[in-house]
Each structure stands twice: as structure tokens, then as C-alpha cells.
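Engineer: below are the sequence and a predicted model; questions follow.
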Amino acid sequence: MIEQRPSAEEVRKEMVAAYPVKLGKKRAQQIAVNEVAPDGTVPEILANARTAPGIITQRGCTYAGCKGVVLGPTRDIVNITHGPIGCGFYSWLTRRNMTLPPTPESENYMMYSFSTDLSENEIVFGGEKKLAAAVREAYELFHPKAISIFSTCPVGLIGDDVHAVARRMKDELGINVFGFSCEGYKGVSQSAGHHIANNQLFKHIVGLDDQVKGSGRFRVNLLGEYNIGGDAFEIEELFRRCGFELVATFSGNSTYGQFANSHTADLNMVMCHRSINYVAEMMEKKYGIPWIKVNFVSASGTAKSLRKMAAYFEDKELIERTEAVIAEEMARVEEQRRKYAARTKGKTAVLFVGGSRAHHYQELFKELEMKVLAAGYEFAHRDDYEGRRVIPSIKVDADSRNIEELHIEADPEKFNPRVDATAEERLAAQGYKFKDYEGMMPEMDPDTLVIDDISSHETEKLIEMWKPDVFCAGIKEKYVIQKMGVPCKQLHNYDMGGPYNAFRGAVNFYRDIDRMVNSPVWKLAHAPWETPV
Ligand code: CFM
């Protein structure tokens with residue numbers, strides 16, 4: 001017998017019932033019961049707003065978004081955390097992002113954690129001297145091409161000018177040195193850190209190397225892919241097989257040189273829209289490189305994205321080669337998918353992750369024929385939920401105004417529009433769209449829940465009332481969820497699994513989810529409200 005699930009509206013009401021009135025009202029605006037109108041519009045959701053004090057949130061800080069997420073995966077820049085040792089230690093990337101230097105001797109600083117180790121003395125008397133000494137020391141030890149400095153909360157509070165130190169050290173050492181004002185408190189979440197990282201990458205590195213390398217054909221950048229668990233390796237191999245030339249990835253498995261050269265590519269593909277759309281937009285304005293949205297999570301998403309890339313170049317051979325790769329891979333994946341879907345069909349999932357994966361991974365659950373009951377982001381903006389069409393109506397509040405908006409104009413020499421009006425028309429006739437992201441909600445079923453910045457209390461209510469078969473979240477949530485008898489699949493790193501991108505990655509995901517939703521062990525754990533056996 002199928003147990004009747006409470007409706008989405010009932011769960012929503014129950015989630016906010018325990019809150020004080022004002023907070024309940026705010027949270028109610030951040031929890032939407034999904035419905036999609038025939039023209040694709042969805043209910044408005046409040047996003048990118050401050051988390052109320054006292055709420056246990058999944059969010060991280062601005063420094064994490066800047067240093068940990070965007071710049072962290074680049075192997076040959078020495079990233080120095082200017083701050084107390086804890087900030088550096090906890091943002092040590094250890095095993096999450098992977099990278100593959102061409103030889104064992106090539107530069108790779110990703111396994112290190114560089115910190116100025118600020119202590120009481122510097123908090124009182126200032127930390128600029130210690131920072132300059134750290135930059136010098138890093139240079140003497142490694143002679144890197146570039147050194148970057150990341151500000152933590154106390155740096156902003158005591159007023160150290162990291163940019164002035166960076167300029168001085170750049171002159172002294174003759175290498176690129178630049179800083180980030182990414183103090184943890186700078187924005188409402190790590191999203192502010194993405195924006196700050198994008199700005200500085202653009203200001204200090206992109207555009208420094210004009211040489212068109214390789215064959216000069218089908219040159220692309222992949223934006224917003226961070227090589228978690230080797231994801232980018234899967235995509236890179238596919239590109240090679242299809243015939244695309246990857247100029248730069250921002251920033252999985254990347255190098256300083258790739259960023260410097262990235263403005264020579266002819267197409268930008270945006271995977272994680274939230275973290276990197278600023279670079280895509282700025283590259284378009286300054287250099288004339290158009291961007292498209294792609295998704296290499298799931299087999300169907302990968303096939304669709306490869307087709308979009310090939311179509312852009314309007315080259316028969318490239319299209320045929322891409323189709324051949326897709327056909328070969330899809331045949332293999334489909335056999336596996338059927339096998340796993342027979343075991344996972346009808347099971348339920350919820351996803352609360354970051355600013356893009358809660359959307360992207362839904363495609364994999366569709367392939368497993370599972371039902372997504374609820375999803376939400378930690379720190380995304382309304383456009384990631386409702387689509388870019390709402391951007392003009394997003395209110396700019398004081399917290400967003402706090403983040404610098406670069407004013408970009410077409411470069412007088414380097415601007416080169418890659419698609420002319422007739423090509424654009426031809427592509428548009430095939431339904432091709434540039435600069436477009438439709439967001440997560442239009443692709444979700446009606447009567448599902450969309451929850452922004454879910455709290456720990458709401459997580460418990462969700463599990464209690466809907467008992468999903470798998471809950472996708474991160475390490476902070478994992479054990480709380482599992483103690484409630486529900487398996488938690490981490491999607492920020494992949495526990496022991498992954499990669500999950502592209503065709504092979506999809507099959508890895510099918511296998512791992514099958515193991516979780518069909519394991520009898522979860523039925524043996526009892527939530528506190530259940531009577532123990
Ligand atoms: Fe983009 Fe990311 Fe994500 Fe993200 Fe992140 Fe991340 Fe994430 Mo963790 S850039 S928004 S800030 S896809 S670290 S690699 S997994 S929360 S969904």
C-alpha cells in the first residue's frame with residue numbers, strides 16, 4: 001500500500017510553525033511550493049538574503065567562496081590566507097579538488113596550506129608587515145608565477161590594506177601578486193566570495209597572454225567546473241575525443257597560464273552559473289566571447305551540452321565526430337541505466353546543496369527514474385531558481401551593493417565579436433540560445449518544495465514528514481540526517497565515490513545511489529520520535 005504523503009503546502013506550514021512570527025514570515029518567502037505556468041514562469045522565491053541569527057544554516061562564508069571554491073583549484077598560484085591559522089587550515093583543500101600537473105616536477109601548490117598565522121600581536125599592531133614577509137618567503141621557497149592574498153574577517157576589522165601590500169610585492173618580486181577583499185563577513189554567504197574572485201581574476205590575469213595556441217579551431221573555455229573528485233577529467237577527455245580544444249577551465253585542473261590566455265577562446269560554456277557567470281558576462285563585454293549554459297552532470301545533460309557546443313561552430317566534421325562519441329557512450333550508459341533504474345524506480349530524493357548542484361543532479365535522479373520531492377540552494381540568487389528572466393526585477397540590497405561591480409567596456413584592440421548577426425539568426429532558428437539559464441524551478445514537478453537556505457529545523461521536519469529515500473547535502477548535515485535513518489549522499493565532495501560528471505560519471509552515480517536507497521541498514525536506525533524496537 002502506498003502511504004499518502006502530506007502535501008507540499010502542509011510541509012511548508014509545519015516548517016515555519018515553530019518560528020517567531022517575523023522569522024516565520026521571512027522563511028515562508030524562502031519556501032515555495034513549485035508550480036510552472038505554461039510560459040515557464042514560477043513562483044517568486046526570496047534568495048540571497050541574510051540568514052537570521054540563531055538559525056542553523058548550511059552556508060559558508062565569503063572567504064570560503066573566494067579562496068576555497070574559485071581560486072583553490074588552480075595549482076600554480078600560491079594562495080596565501082591572511083588571517084588566523086584556523087581559516088587557512090579549514091580551507092585546506094586536501095582531497096576534494098583534483099589536479100593533474102603535466103609532470104611530477106611541474107608546479108603544484110594545491111597540497112599546501114599557506115597562512116600568515118595572524119596572532120594577537122598583529123591584531124593589535126597590524127598585519128601588513130607579516131603579510132609582506134609571508135609573500136617574500138613563499139616567493140623564495142617556490143618562485144611561483146603568481147601569489148594571491150585572501151583576507152579573512154580580522155583583516156577587514158583591523159584595516160590591513162592587502163592590495164597595497166600586493167602592489168608593493170609585485171614591484172619588488174617582479175611576479176603577479178594580487179589580493180582579495182573577501183573577508184568572511186563581506187556578504188551573506190560564499191556567493192559574495194565568488195563575485196569578488198571573478199572580479200580579481202578578470203582584473204589581474206585574464207587577457208595577459210594573447211597567443212592563440214593549438215590548432216586555432218573549436219577553442220572553448222569551461223566556466224564553473226571545479227574538478228571535484230575528478231569530474232573535470234571526464235569532461236576534458238570527452239572534449240578531446242569530440243575535437244574541442246579546451247583553453248581554460250575556471251577553475252578545475254587549471255593553471256595561471258590558462259586564465260591569462262582564456263580571452264582567446266571562441267566560446268564560453270557556463271556549468272555552475274552561480275559561481276562564475278560574472279566572468280562569462282565580463283568576457284563577452286570586453287572580448288566578444290558569447291556564453292552558453294551547459295550541464296555535464298547526467299548522461300542526457302552531457303549529450304545535450306556536447307551537441308550545443310558542436311552546433312555553435314557549424315562545422316560538419318565536428319558535429320559528426322561529436323555525434324559518434326555520444327552514440328557510443330549513450331549505448332553503454334543506457335544498458336547500465338536500465339539495470340539500475342529497475343531497482344531505484346519510484347524512490348524519492350531531496351537535494352540541498354550550494355548554488356547549482358541541487359539543480360544539476362536532479363537530471364541524474366530522472367535517469368534513475370526517481371522522484372525529486374524537494375530541492376534548494378544554500379546561497380543561490382533568484383535567477384538560479386527562477387531563470388535569468390527575473391534578473392531585472394531582483395532588488396539590489398545593501399549586502400549586494402557591498403560587492404564591487406566592475407564597469408567593463410569593449411577592449412579597443414582585443415574585442416572581436418565571435419558570432420555575426422547571420423550566424424546568430426541561423427542558430428536561433430534551431431532554438432539555440434546564448435546567455436540563457438532557465439533556472440531550477442521550471443524543471444521541477446508541481447507540488448514539490450523549493451527551499452532556499454534550508455535550516456536544520458526544516459531539514460528535520462522534511463525528513464519526518466516526507467521520509468525521502470536519499471538526502472543530498474554536505475558533511476555538516478550528513479550525520480544528523482543519517483541518525484534519522486535516511487542515507488545522505490554528499491554532493492560537495494563525493495565521500496568515496498565519483499567522479500559523477502559526463503557518461504562514465506553518470507554510471508558511477510547510478511551505482512552509488514542504488515547502494516544507498518536499497519541498503520537494508522537504514523531501516524535498522526530509529527529516529528528519536530520512533531519507538532525503538
Ligand atoms: Fe558552483 Fe561548485 Fe556549486 Fe559552488 Fe560550493 Fe562546490 Fe557546491 Mo560545495 S561553485 S555553487 S560554492 S557547483 S563548494 S564546486 S559543491 S556548495 S553546488
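Structural biologist: Alright, I've got the coordinates.

Engineer: ok, residues contacting the helix or strand bottoming out on mean pLDDT in the chain?
Structural biologist: Taking mean pLDDT, DSSP states H and E as the measure, the chain has helix 398-401 as its least confident helix or strand, at a mean of 92. With contacts defined as CB atoms under 8 Å, 6 or more residues apart in numbering, helix 398-401 is touched by Asn48, Arg50, Gly187, Val188, Ala192. Quick note: C-beta positions are derived from backbone N, CA and C, even for glycine.

Engineer: between which two of the residues you listed is the distance greatest?
Structural biologist: Farthest pair in the contacts of helix 398-401 (CB to CB) is Arg50 and Ala192. Separation: 11.5 Å.

Engineer: look at these two and report which has more neighbours.
Structural biologist: Between Arg50 and Ala192, counting by other CB atoms under 10 Å, Ala192 is the more crowded of the two (26 against 14).

Engineer: ramachandran angles for Ile391?
Structural biologist: phi -50, psi -50 (degrees, to the nearest 10).

Engineer: oh sorry, the question was meant for Ser151
Structural biologist: The phi/psi pair for Ser151 (degrees, to the nearest 10) reads phi -90, psi 140.

Engineer: sorry, back to before: nearest to the ligand among the contacts of helix 398-401?
Structural biologist: Ala192 (11.0 Å; CB to the nearest ligand atom).

Engineer: you'd agree that closest one is in a helix?
Structural biologist: Yes. Counting by DSSP: H, G, I helix; E, B strand; the rest coil, Ala192 is part of a helix.

Engineer: list the contacts of it.
Structural biologist: Ala192 sits next to Thr62, Gly65, Cys182, Lys186, Asp399, Asn402, Ile403 when contact means CB under 8 Å, 6+ apart.

Engineer: need the pLDDT of the residue of the stretch 101-250 of the chain found nearest the ligand.
Structural biologist: Closest to the ligand within the stretch 101-250 of the chain is Tyr226: 3.9 Å, counting by CB to the nearest ligand atom. pLDDT, Tyr226: 97.

Engineer: interface residues of the protein facing the ligand?
Structural biologist: For the chain, the residues in contact with the ligand (CB under 6 Å from any ligand atom) are 65, 69, 190, 224, 226, 228, 272, 274-275, 353-357, 492.

Engineer: the ligand: which of these is nearest?
Structural biologist: Nearest member of these to the ligand, counting by CB to the nearest ligand atom, is Gly354, at 2.2 Å.

Engineer: once you drop chain neighbours, what's closest to the closest one?
Structural biologist: Glu378 (5.5 Å; CB to CB, 6 or more residues apart in numbering).

Engineer: I'd say the one you found and Arg274 touch.
Structural biologist: No. Glu378 is beyond contact range of Arg274, at 9.9 Å (criterion: CB atoms under 8 Å).

Engineer: which one of those two has more residues nearby?
Structural biologist: Using other CB under 10 Å, the more surrounded residue of Glu378 and Arg274 is Arg274, with 27 against 24.

Engineer: show me the contacts for that one.
Structural biologist: By CB under 8 Å, 6+ apart, Arg274 lies in contact with Ser191, His194, Gly224, Gly354, Gly355, Ser356, Tyr377, Phe379, Ala380, His381, Asp384.

Engineer: name the residues of stretch 413-424 that are buried.
Structural biologist: Residues of stretch 413-424 classed as buried by neighbour count (16 or more other CB atoms under 10 Å): Arg418, Val419.

Engineer: quick one: it to chain centroid distance?
Structural biologist: 28 Å (CA atoms, centre = their mean, to the nearest Å).

Engineer: helices along the stretch 1-150 of the chain, start to end?
Structural biologist: For the stretch 1-150 of the chain, applying DSSP state H, counting those that start in this stretch gives helices covering 8-17, 21-30, 62-63, 85-90, 120-125, 128-142.

Engineer: mind putting those helices in TSV, mean neighbour count and mean pLDDT included?
Structural biologist: Converted to TSV, these look like this (neighbours: other CB atoms under 10 Å; pLDDT from 0 to 100):
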stretch	mean neighbour count	mean pLDDT
helix 8-17	17	98
helix 21-30	14	97
helix 62-63	31	98
helix 85-90	17	95
helix 120-125	12	97
helix 128-142	17	98
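
Engineer: Throw the ones you listed into JSON lines and include distance to Tyr340, thanks.
Structural biologist: Formatted as JSON lines, the helices of the stretch 1-150 of the chain follow (distance: least, CB to CB, whole Å):
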{"stretch": "helix 8-17", "distance to Tyr340": "27"}
{"stretch": "helix 21-30", "distance to Tyr340": "34"}
{"stretch": "helix 62-63", "distance to Tyr340": "39"}
{"stretch": "helix 85-90", "distance to Tyr340": "36"}
{"stretch": "helix 120-125", "distance to Tyr340": "54"}
{"stretch": "helix 128-142", "distance to Tyr340": "46"}
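
Engineer: for the chain, give me the ranges with low pLDDT.
Structural biologist: 1-3, 94-95, 527, 529, 532-533 (pLDDT under 70).

Engineer: which helices and strands sit right next to the top helix by length along it?
Structural biologist: When the chain is parsed with DSSP state H, its longest helix is helix 316-344. Counting contacts by 3 or more CB pairs under 8 Å, 6 or more residues apart in numbering; DSSP states H and E, helix 316-344 packs against helix 231-242, helix 299-313, helix 502-517.

Engineer: mind listing residues that contact the longest one?
Structural biologist: It stands for helix 502-517. By CB under 8 Å, 6+ apart, helix 502-517 touches 231, 234-235, 237-238, 296-299, 302, 329-330, 332-333, 336-337, 340-341, 343-344, 347, 349, 364-365, 367-368, 370, 469-470, 487, 489, 494, 497-500.

Engineer: cool, the second one as well?
Structural biologist: Under the criterion CB under 8 Å, 6+ apart, residues 217-218, 220, 238, 242, 244, 266-267, 269, 292, 294-296, 318-319, 322-323, 325-326, 329-330, 333-334, 337, 360, 363, 366-367, 419, 427, 430, 432, 501-503, 506 lie in contact with helix 299-313.
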